Structure formats: structure tokens, C-alpha cells
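**Q** following is a predicted model, sequence given first.
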Amino acid sequence: MERAIVISALRCLQVVAAAAAFTFTAQANAATDIAWWHAMSGELGRQLERLAADFNASQSDYRIVPAYKGNYTETVTAAIFAFRSRSQPAIVQVNEVATATMTAAKGAIYPVFSLMRDQGEPFSLNDYLPAVSGYYTDAAGNLLSFPFNSSTPILYYNKTMFRDAGLDPETPPKTWPELGAIAKRLRDRGAPCGFTTSWPSWIHIENLSAFHNLPLATRTNGFAGLDAELTINNPVVVKHVAQLAEWQKTKLFDYGGRGQSAEPRFQNGECGVFIGSSATRADIRANSKFEIGYGMMPYWPEVKDAPQNSIIGGATLWVLRDRPRAEYKGVARFFAYLSQPGVQAAWHQNTGYLPITRAAYELTRAQGFYERNPGSAISFEEITLHQPTANSKGIRLGSFVLIRGAIEDELEQAFAGQKSAQGALDSAVERGNKLLRQFERASPER
């Protein structure tokens, strides 16, 4: 309330100042402030603030004001409470798994395609990578939120360990059987762990399904309706989880925990291969004392349509309603600015996140960045391997943060030998479907 009063008072002062004297100072004070709540700290936060500062310097009508609000959950929660008190920001950063939740809040969001049309800013969905934009479109193909920071899983390997084990350091494994054979060779030569991975559900369920062109759920992975049901207890996923559990017994695969907790095991030379987010590439390079190789995610060669394309993680920028009209023109201008090839290329190169447009990728390649930084193009190549299908476009399931937790509970029981792969995935489907039905009942679309 106090902040709203202060902002209102400042705007009144700006009007009075402009009427009193046509000075450059008064014109500068007339810039419209636009609040941007985000979840990026550290170096990523500094890069985000640099984006805002560069936009602010490029024109004098609007001023983007970034504010860190904690992790993704904390940021979304803060925005929800702020909306209830009518003190919400114009822009909020929301992670990809909360897309269904945001989409259901129709009265609270201003879809990006409508925003850009209403404000007369240049915008063509064809400019954006389908594997990125498709995750955030509605059933008619309209973009709901602005893709901002997107990543996808890739394979990292220790070239030094490969050489010591008599493996070709220039040839990463392409299939899961190849990775199993390499892991055994590394273990036979004394490695404590063959390979490990981060983000268990994202990699071993969500991306595994997309990469093999398999549905994660009915109703086009939830895009076609709230009455979707999980289908992850299918033969391919069951076989994959069963193989991981079998490899776990001899540490060919060694489960390293949820989130990014397994990453240090690769950095310190314990595991010879690691599958994790492409956005951690800079961190891995900074903290590893050996030569690193890169590859795409493995696939099961007997699956007909594999490899298809991977799907993304990360977040988008959502526009919230009930802000002053002047702010929305500035938001549209900001999104148009973020879409420029030079801006996107710099963001991609400085952070490791994917470029959201092909023009930004082509510019980065022309600048020689990929040649100077081996492995940095793999994420782009992986998500653009083929045109996304209904199974590899993305996921639009309500309460998916909770569903991920249920899936990972069950995966951990399978890896520990406490449940069979089939039993664990059957239980994950049952638990996940209960959460989907709860979300469906609570949705205003019903």
C-alpha cells in the first residue's frame, strides 16, 4: 500500500514537473517504471540486470526494474499474493512446470500474443524455435508467455578418464547400451562411478519420453485438456528404469540425488559421464580440472522414432493484468528488444541458455562462438533435431511440481531395489493422476 502511494505521488510530481518546464530532466523523469520479478541470483542475476540496464539505456520512455524474489516457487507465490492486494508486477518469471497453473489463471494473465498485437509491436511466432515456443502456446498455437531462459539435458564426459580407460576421447556414447558398456570399462579401470545424472524426472521420464517420441500423458501431454492421465508406465520407460536399477547394483550408474546434487560427482572426477542441464556448462567448465567432452542424450536404438528431439526446462516471462495501460506498451517494447538477434546471442553466449530464435543461433555461429567453445551448440542441435511432435512439444500438466516429486519418490525406490521398475512407475502414475484430478476439480475451466 505504501509503495503504491509513493509511486502514485511520484507520477503526480512528474506531471507537475512536465507542465512547469520542458527540460531534459523532466523528460527523463517521465519514464514509466515496469516491475520485473525474477528468480535468478548470482551471475545469472547479474546478466539479467544487465539486460534490463541495456534496454533502459536504449530508449527513454520506459525503465525495467528487476527485483529478485527468491527461487521459482517463492517468486510465483509472491506474485500471487501481490495480485490479491493489487500490487503485482507487470512481468514475473515462472518456471516451465508451472505453465499449466498460469494458463488456468486466465483472468490474471495477459497472453503475450495478445499483448504484442494490442501494442502494435512486431511479432511472429515463426521467428522462435518451435521446441521452445511450443512449450508455451495454447491449443491454437498462440504464445502465452515469453520464452526467456531455456535449457535441455546434454551429456558431459571426462576425456582424461576415457583415455586412461582406452576409450576414444572424441567419441561420446550415442545410445544407452553404448553408455552402459563405457561405464563398465570405466569401472573396470577403477572409476568409483560410471555415470550419474541430475534432475531425475526431467531427464529419465520427461526427456526420455520426448526423445523417443512417446507420450508422457494422454490429451497431448495435457495440451488438449485438463482430463489428462499419465502414461509413463509404458514398456520403454519401464525397461529404461529397470536397466538403471540394474546398473545401480554395480555403480555403472550411480544415483546422485534430486536437482543438481549429482553434478559435483562429475566435476571432482568421481563419475566419468554426467547427463545434466546445458545451462550448467559454464559451471562445469569452471570447476572441472580435466578436459570435457560433450554429446547428446543417449537413446534406445530399438525404439523406432528415436532420437526425436529433447524438451526444455527453465522459465518464461508472464505478463500480469491490472497494471496501468502505459506499462504494457513498455513490456511489449522490452519483449521485442529481447527478441533481437544480437541481444539473444549475447544472452545465449553469456549464460549457456538456449537462443530462442534461429537468427540468434545463426549470429552466434557466424561470430565463431561455437568453434571457440566446443559443445556449446549441442543443446540447440538436440532440441532442433526434428520438428516437435505432439509427444515432444512439451508438457502442460497441472501441479507438475508435485507430480515430479511423486515420480522421483518412486524412481528412488526402484534404484534402491525396494520396488520393481513396473511397480514404481505404476505407483507414480497412480499418485500423479490423483494430483491431476485435484487440479482439474480446482480449475476455473471446469
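**A** Yep, it's here.

**Q** for the lengthiest helix in the chain, buried residues please.
**A** When the chain is parsed with DSSP state H, its longest helix is helix 421-442. The neighbour-count check on helix 421-442 (16 or more other CB atoms under 10 Å) flags 421-422, 424-429, 431-433, 435-436, 439-440 as buried. The way it works is simple: take the backbone N, C-alpha and C, and place the C-beta from them, glycine included.

**Q** so what's residue 196 up against?
**A** By CB atoms under 8 Å, 6 or more residues apart in numbering, the contact set of residue 196 is 253-256, 262, 265-266, 271, 273-275.

**Q** what's the helix or strand for it?
**A** In this structure, residue 196 sits in strand 193-197 according to DSSP states H and E.

**Q** just the CA atoms of that strand, as PDB, please.
**A** The C-alpha trace of strand 193-197 is given here as PDB (Å, rounded to 0.1, in the frame of the first residue of the first chain):
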ATOM      1  CA  CYS A 193      31.200 -44.400 -10.700                       C
ATOM      2  CA  GLY A 194      30.500 -44.900 -14.400                       C
ATOM      3  CA  PHE A 195      27.800 -42.200 -14.900                       C
ATOM      4  CA  THR A 196      25.300 -40.200 -13.000                       C
ATOM      5  CA  THR A 197      22.600 -37.700 -13.800                       C
END
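
**Q** okay, strands next: where are they in the protein?
**A** Under the criterion DSSP state E, strands of the chain are mapped to 32-38, 62-68, 91-95, 146-151, 153-158, 193-197, 271-277, 292-295, 313-319.

**Q** adding mean pLDDT and distance to residue 284, write those strands out as TSV.
**A** TSV is the format used below for the strands of the chain (pLDDT from 0 to 100; distance: least, CB to CB, whole Å):
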stretch	mean pLDDT	distance to residue 284
strand 32-38	98	24
strand 62-68	98	24
strand 91-95	96	21
strand 146-151	94	13
strand 153-158	98	6
strand 193-197	98	13
strand 271-277	97	8
strand 292-295	97	7
strand 313-319	96	16
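
**Q** so which of these comes closest to residue 397?
**A** Of all the strands of the chain, strand 91-95 sits nearest to residue 397, with 13.5 Å by CB to CB.

**Q** elements contacting the closest one?
**A** Judged by 3 or more CB pairs under 8 Å, 6 or more residues apart in numbering; DSSP states H and E, strand 91-95 is in contact with strand 32-38, helix 72-84, strand 313-319.

**Q** just name the most buried of the ones you listed.
**A** strand 313-319 (a mean of 25; mean count of other CB atoms under 10 Å).

**Q** need the residues that contact it.
**A** Residues from elsewhere that reach strand 313-319, judged by CB under 8 Å, 6+ apart: 36, 39, 72, 90-96, 99, 102, 109-112, 115, 136, 144-152, 199, 202, 277, 279, 328, 331, 335, 353.

**Q** same question for stretch 119-129.
**A** 113, 116-117, 133, 137, 141-143, 147, 328-329, 331-333, 335-336, 339, 354-359, 383-384.

**Q** quote the end-to-end distance of it.
**A** Stretch 119-129 has an end-to-end distance of 23 Å (criterion: CA to CA, to the nearest Å).

**Q** stretch 347-364 too?
**A** 10 Å.

**Q** please list the residues outside it that contact it.
**A** Outside stretch 347-364, the residues touching it (CB under 8 Å, 6+ apart) are 44, 47, 51, 127-129, 132-133, 147-152, 278-282, 312, 314, 338-339, 341-342, 344-345, 369-370, 376-377, 379-380, 383.

**Q** burial measure for the residue nearest to residue 439 when sequence neighbours are not counted, as a count.
**A** Of all residues not flanking residue 439 in the chain, residue 398 sits nearest, at 3.1 Å (CB to CB, 6 or more residues apart in numbering). Close neighbours of residue 398, defined as other CB atoms under 10 Å, add up to 25.

**Q** how much space between residue 398 and residue 428?
**A** Distance, residue 398 to residue 428, by CB to CB, to the nearest Å: 16 Å.

**Q** now do residue 340
**A** Computed as CB to CB, the residue 340 to residue 428 distance reads 42 Å.

**Q** show me the contacts for residue 289.
**A** Here residue 289 is in contact with residue 269 (CB under 8 Å, 6+ apart).

**Q** what distance do you get for it to residue 143?
**A** Separation of residue 289 from residue 143 (CB to CB) stands at 43 Å.

**Q** same question, residue 94
**A** 14 Å.

**Q** and residue 55, how many neighbours does it have?
**A** Per other CB under 10 Å, the neighbour tally for residue 55 reads 20.

**Q** quick check: it touching residue 335?
**A** No. When contacts are counted by CB atoms under 8 Å, residue 55 is not listed as touching residue 335 (10.1 Å).

**Q** one step back: more crowded one of residue 94 and residue 143?
**A** For the pair residue 94 and residue 143, the greater number of neighbours falls to residue 94 (24 against 21), based on other CB under 10 Å.

**Q** bridged to that one, which residues?
**A** Beta-bridge pairing for residue 94 (DSSP bridges): residue 316.
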